[in-house]
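1. Got a sequence here, can you model it:
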Amino acid sequence: MEWLMVSVSLLGFLFASYFDLRTREVPDPLSHSLILIGIGLRLFWSLEDVSYFLYCLPVLLGLGGVSYLLYKAGQWGGGDVKLMVASSFLLGYFPKRGFFILPFFVNLIVFGTFYSVLYTLAIGLKNGFRPTREQKLIASCGVLVSFLLFKFLPTEIGIIPPLTILVGSFLPMLKDIEQKFFVKEVPPEKLTEGDWLVEPIKVGKLRIEKRGEGLSKKEIEILRKSKIKRVKIREGVPFVPAFLLSLLLTYFLPHQYLGILGSTL
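-> Purely as a prediction, here's the structure:
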């Protein structure tokens, strides 16, 4: 049953990654199907031992809550949250591996951060971005400090501190790339639920604020009925491929996440 659940997850993440890269959104039928399949398989497995299902409930509440907070903060899209809900059932607990979802989630956050940084830099390079002297200096210092920390810090501490410094040193560059290449103007007809506004929009007496969770269906309908011709939105990094790659890493290289958190785990 474990292999079946992992296989379903890999296949689901693969299709979801395709849609996320192509259209910047995961179709609801796909994410909802994964959730239902996960619940169904978990319930069937619980006929052998009911704890196999019960153990997934605190996982759902905990990681589902964290995912929702990331969604409200504008870091994750709605599709990412739904995939995490599906993962809570499909990957939440395995008898021989325990709470498999925990190392998976750790790898997802850490690896996903690296993936997002590299994706953003790739978009910048593709569009001819040239970093300023200050941005180069900050990034170079960050790389040097991160290397020294990684080399000389005790292994018990893990690599979170050097990784944090490394990613932080690229933030000025990433912010510049985002403002130049991730912001675009689209007609209201092409807006989709969850699109992030760059700035608030006033439609008559109504003011549509920019929010972490993006535009709602109702707000999109209002914009489509208005006289506004173009709406400035910010595109996000298609994050779903990080789910696929993190699952591959966690399942087939199960001890790698220990190097991320430190040997104390």
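2. contacts, neighbours, all on C-alpha from now
-> OK.
3. residues contacting Val59?
-> Ser88, Gly92, Ile101 (C-alpha atoms under 8 Å, 6 or more residues apart in numbering).
4. After the host helix or strand of it, which helix or strand is next? Please name it.
-> In this assignment (DSSP states H and E), Val59 forms part of helix 56-72. Next in sequence after helix 56-72, counting helices and strands by DSSP H and E, comes helix 78-90.
5. what pLDDT, on average, does the helix or strand just after that following helix get?
-> Downstream of helix 78-90, the first helix or strand assigned by DSSP H and E is helix 101-126. What helix 101-126 shows for mean pLDDT is 91.
6. ok, back up a step: adding neighbour count and distance to Phe114, write the contacts of Val59 out as JSON lines.
-> Output for these, formatted as JSON lines (neighbours: other C-alpha atoms under 10 Å; distance: C-alpha to C-alpha, whole Å):
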{"residue": "Ser88", "neighbour count": "28", "distance to Phe114": "23"}
{"residue": "Gly92", "neighbour count": "27", "distance to Phe114": "24"}
{"residue": "Ile101", "neighbour count": "24", "distance to Phe114": "20"}
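7. ok so, going back, list the buried ones in the helix holding Val59?
-> For helix 56-72, burial by neighbour count (16 or more other C-alpha atoms under 10 Å) applies to Cys56, Val59, Leu60, Leu63, Gly64, Ser67, Tyr68, Leu69, Leu70, Tyr71, Lys72.
8. pull the CA atoms of stretch 209-216 into PDB?
-> Only the C-alpha atoms of stretch 209-216 are listed here, as PDB (Å, rounded to 0.1, in the frame of the first residue of the first chain):
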ATOM      1  CA  GLU A 209      -7.100  45.500  -2.200                       C
ATOM      2  CA  LYS A 210      -4.100  43.400  -2.900                       C
ATOM      3  CA  ARG A 211      -4.000  40.400  -0.600                       C
ATOM      4  CA  GLY A 212      -1.800  37.400  -0.100                       C
ATOM      5  CA  GLU A 213      -4.500  35.000  -1.300                       C
ATOM      6  CA  GLY A 214      -5.000  37.000  -4.500                       C
ATOM      7  CA  LEU A 215      -8.100  37.900  -6.400                       C
ATOM      8  CA  SER A 216     -11.400  36.200  -5.700                       C
END
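9. Need the contact partners of stretch 68-76.
-> Under C-alpha under 8 Å, 6+ apart, the answer for stretch 68-76 is Ser67, Gly77, Gly78, Val81, Arg211, Gly212, Glu213, Gly214, Phe239.
10. Stretch 16-34 now?
-> Identification of contacts with stretch 16-34 by C-alpha under 8 Å, 6+ apart yields Ser9, Gly12, Gly79, Lys82, Leu83, Ala86, Gly236, Pro238, Phe239, Val240, Pro241, Leu244.
11. What sits closest to the first one if chain neighbours are left out?
-> Going back to what we said before, that points to Ser9. Leaving aside its chain neighbours, Ser9 sits nearest to Leu90 (6.8 Å; criterion: C-alpha to C-alpha, 6 or more residues apart in numbering).
12. Can you get me a residue count around the one you found?
-> Leu90 is flanked by 29 other residues according to other C-alpha atoms under 10 Å.
13. cool, Lys190 as well?
-> 10.
14. Next up, phi/psi of it, please.
-> Reported as degrees, to the nearest 10, the phi and psi values for Lys190 are phi -100, psi 0.
15. Brilliant, that's me finished.
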